[in-house]
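# Fold the stuff below for me.
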Amino acid sequence: MVHKVLPFPAREAHAEARPVLVVDFGGQYSQLIARRVRECRVYSELIPHTASPAAVRARTPAALILSGGPASVYSEGAPRMDPELLELGVPTLGICYGMQLMAQELGGRVERTGAREFGKAELHAEAGALFEGTPAEQTVWMSHGDSVVGPPEGASVTASSPSSPIAAFEQRDRGLYGVQFHPEVVHTPYGTDILKNFLYTVAGVAPTWTAAAVIEEQVERIRAQVGRQRVICGLSGGVDSAVAALLVHKAVGDQLTCVFVDHGLLRKDEAEQVVETFEGHFHVPLVHVQAEERFLARLEGVSDPEEKRRRVGEEFIRVFEEEARRLGSIRFLVQGTLYSDVIESGGTAGVAAKIKSHHNVGGLPADMKMELVEPLRALFKDEVRRVGEELGLPEKLVWRHPFPGPGLSIRIIGEVTRERLDILREADAILLDEIRRAGLYRELWQCFAVLPAIRSVGVQGDERTYGYPVVVRAVTSDDAMTADWARLPYDLLETISSRIVNEIPEVNRVVLDLTSKPPATIEWE
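Just a heads-up that it's a prediction; the model follows:
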């Protein structure tokens, strides 16, 4: 049987017109694969393994990548794919489980040989398009218990390791490639080169996914969606809503009015900074809504984190709807929803389990009247920052640590009260002041204080105290999908602890969160 590469329609101008689709089989690195492809300046998206060939072809993908996964290909209930995906004529790369599934579907053999590989392994690259320009002997990251023991008919073995005689194969005439290792992780030093060989050489994709291209594409999309109608944008003080606002302002100019809702859940002095930046620096029309009492009333007696998120998200929308009516029945609402928000809220059609509701995604009321404009929905945080820099957003805003839409309400573990907000706000300000003074702010993904609504015994000034603890949470990350706790210097932690307990009478204990994500999330709620 002769297999031909089927022609696709001519490439459109936009980088998103022909994406690289990452088929997710439940692997822990699936999202990382999509990110690494984007770092090669090629647009990529995650899709579920249940996607039909018709749905995939409708996206006119430039290439497919089959992710890893925790299952065995021969186990009952293991995730499968429609074998017709391999007949679409689309260049396809299988990684780990994806390679094994590809081999099985093409008539090869996969077995549990007893030779498991987890961690670093030495790879001998014998030939092949994927290894062009890389050393014959290289280190890779393996994570598998099964192995391909018989390649598909017509496929060439291109690499081996001590425990995997078939560590990579290719069938060039069909554009099908498989690797047993993980090129997307940093522990595979030549992994990016291998991905670039697949993207640029095999699939012939041009590296056009840039901040400038994103701006151009989104400006066109915003104009097409909004037309000549007026728009409001909800500003939160964070980089996401700020970049979304500037993108929409670039697209439609004075049709945009920004609505900044001061819900009383912001960090210290943050409200003033937002007003100054947008009114004073960018001269964007801004409505400043003082709504602290309103939000505190909605949160009274509420301790459940999901209920907090739902109530804050709903109240945001109600305020926006009221302001829209005052401004003349505005139809469109801009939000700074990110791709990571969509993934964690379970909004990628089965790609990911729901971790928590994001107010921009899962916390919106069902009867919301306005239509959403979400120009950042396809972007990870680092991509948003690059777009912000391209748009001229001040550095202090571009690199501001991520801040949740529900604000400090989900950094108080328990009921939200004015007293607890004031305590947390001061503790957080002290923490960030010392982090900046130590020159570590840009090195951290996030650093903030958490206030559990519990009390513990202490002693201050020879007297017994019964005060709140404050938790210091500091992490390093690339995209918030995974994170590691930051190794802050002991003398810095000592200074932070000393200042917090001495300057905030209600606090008598400071503790440090030493948990990575997973198993924890970055935020406590």
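# quick one, helices of this structure?
Here the chain has its helices, by DSSP state H, at 30-39, 53-58, 97-105, 191-196, 211-226, 239-252, 270-275, 292-299, 305-327, 339-344, 381-391, 395-398, 418-437, 490-503.
# If you count contacts, what does the longest one end up packed against?
Under the contact criterion of 3 or more C-beta pairs under 8 Å, 6 or more residues apart in numbering; DSSP states H and E, helix 305-327 touches strand 231-235, strand 256-262, strand 286-290, helix 292-299, strand 332-334. All C-beta spots, glycine's among them, are computed from the backbone N, C-alpha and C.
# coming back round to it: mean pLDDT for the helices of the chain: which is lowest?
Among those, helix 339-344 has the lowest mean pLDDT, at a mean of 76.
# What separation do you get for the closest residue to residue 489 other than its chain neighbours and residue 491?
The shortest distance from residue 489 to any non-neighbouring residue, by C-beta to C-beta, 6 or more residues apart in numbering, is to residue 438 (7.3 Å). Distance of residue 438 to residue 491, given as C-beta to C-beta, to the nearest Å: 9 Å.
# what about residue 165, neighbour count?
Neighbours of residue 165 under the rule other C-beta atoms under 10 Å: 15.
# Now do the same for it: its pLDDT.
Looking at residue 165, its pLDDT stands at 87.
# So residue 511 sits against residue 472, correct?
Yes: assessed by C-beta atoms under 8 Å, residue 511 is found in contact with residue 472 at 7.1 Å.
# more neighbours, these two?
A direct count of neighbours by other C-beta under 10 Å for residue 511 and residue 472 places residue 472 higher, at 22 against 13.
# what's near enough to touch the more buried one?
431, 447, 449, 450, 488, 493, 496, 510, 511, 512, 513 (C-beta atoms under 8 Å, 6 or more residues apart in numbering).
# Could I get the pLDDT score of the second one?
Here the pLDDT value assigned to residue 447 is 97.
# so what's it bridging to?
For residue 447, the beta-bridge partners are residue 474 (DSSP bridges).
# separation between it and residue 409?
Residue 447 is 19 Å from residue 409, by C-beta to C-beta.
# Counting neighbours around each, name which of these two comes out higher.
Shown here are residue 447 and residue 409; by other C-beta under 10 Å, residue 409 has more neighbours (27 against 22).
# Now do the contacts for the more buried one.
Here residue 409 is in contact with 265, 295, 299, 308, 312, 416 (criterion: C-beta under 8 Å, 6+ apart).
# how far away is the fifth one from residue 428?
Plainly put, residue 312 is 18 Å away from residue 428 if you go by C-beta to C-beta.
# now the third one
Applying C-beta to C-beta, the value for residue 299 to residue 428 is 18 Å.
# Next: the last one.
Summarising the geometry, the distance separating residue 416 from residue 428, computed by C-beta to C-beta, is 15 Å.
# what about those two, which has more around it?
residue 416 (30 against 22).
# and the more buried one, backbone torsions?
When read as degrees, to the nearest 10, the backbone of residue 416 gives phi -90, psi 120.
# got the contact list for it?
By C-beta under 8 Å, 6+ apart, the contact list for residue 416 reads 265, 296, 299, 302, 308, 408, 409.
# What residues does the third one make contact with?
In this case it means residue 299. Residue 299 sits next to 308, 311, 312, 409, 415, 416 when contact means C-beta under 8 Å, 6+ apart.
# next one: the second one
The contact partners of residue 296, by C-beta under 8 Å, 6+ apart, come to 264, 416, 417, 418.
# Geometric centre of this protein: which residue is closest?
Nearest to the centroid of the C-alpha atoms of the chain, with distances taken as C-alpha atoms, centre = their mean, sits residue 340, at 3.0 Å.
# dump the residue contacts of the spatially closest residue to residue 496 that is not a sequence neighbour.
Once flanking residues are discounted, residue 496 sits nearest to residue 434: 5.0 Å by C-beta to C-beta, 6+ apart. Going by C-beta under 8 Å, 6+ apart, residue 434 touches 492, 495, 496, 499.
# who wins for neighbours among these?
residue 496 (25 neighbours).
# residues in contact with that residue?
Contacts of residue 496 by C-beta under 8 Å, 6+ apart are 430, 431, 434, 472, 510.
# Tally up the residues packed near residue 55, please.
Neighbour tally, residue 55, other C-beta under 10 Å: 14.
# so who does it touch?
Contact analysis of residue 55 by C-beta under 8 Å, 6+ apart lists nothing.
# Need the contacts of residue 434 in CSV (columns: distance to residue 21).
Putting those into CSV (distance: C-beta to C-beta, whole Å) gives the following:
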residue, distance to residue 21
492, 44
495, 49
496, 45
499, 50
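# for the residues you listed, which one is nearest residue 18?
Of all the contacts of residue 434, residue 18 sits closest to residue 492, with 48.0 Å by C-beta to C-beta.
# I'd say the closest one and residue 436 touch.
No: in this structure, residue 492 is not within contact of residue 436 by C-beta under 8 Å, at 11.3 Å.
# Residue 207 - how many residues pack around it?
12.
# Could you check how far it is from residue 213?
Separation of residue 207 from residue 213 (C-beta to C-beta) stands at 10 Å.
# Need the residues touching each of these two.
By C-beta under 8 Å, 6+ apart, no residue touches both residue 207 and residue 213.
# Please name the residues that touch residue 284.
Shown in contact with residue 284 (C-beta under 8 Å, 6+ apart): 245, 246, 249, 256, 258, 278.
# so which pair among these is furthest apart in space?
The most widely separated members of the contacts of residue 284 are 256 and 278, with 10.7 Å between them, by C-beta to C-beta.
# Look up how far residue 445 lies from the closest residue to the residue nearest to the centre of the chain other than its chain neighbours.
Residue nearest to residue 340 in three dimensions, not counting chain neighbours: residue 480, with 5.5 Å by C-beta to C-beta, 6+ apart. Computed as C-beta to C-beta, the residue 480 to residue 445 distance reads 7 Å.
# what residues do those two have in common as contacts?
Counting by C-beta under 8 Å, 6+ apart, the residues touching both residue 480 and residue 445 are 402, 522.
# The nearest residue to residue 373 once chain neighbours are set aside - how many residues pack around it?
Once flanking residues are discounted, residue 373 sits nearest to residue 334: 4.6 Å by C-beta to C-beta, 6+ apart. Residue 334: 29 surrounding residues under other C-beta under 10 Å.
# pLDDT wise, what is the closest residue to residue 260 other than its chain neighbours at?
Leaving aside its sequence neighbours, residue 260 sits nearest to residue 235 (C-beta to C-beta, 6+ apart; 4.3 Å). Looking at residue 235, its pLDDT stands at 82.
# pretty sure residue 235 contacts residue 246?
No: the criterion here is C-beta under 8 Å, and residue 235 misses it with residue 246 at 10.7 Å.
# separation between the residue nearest to residue 260 and residue 331?
According to C-beta to C-beta, residue 235 and residue 331 sit 19 Å apart.
# Repeat that for residue 400.
Computed as C-beta to C-beta, the residue 400 to residue 331 distance reads 30 Å.
# swap in residue 514?
Counting by C-beta to C-beta, the gap from residue 514 to residue 331 is 48 Å.
# Look at the two and report which has more neighbours.
Between residue 514 and residue 331, counting by other C-beta under 10 Å, residue 331 is the more crowded of the two (15 against 10).
# isn't the more buried one right up against residue 229?
Yes: judged on C-beta under 8 Å, residue 331 makes contact with residue 229 at a distance of 5.6 Å.
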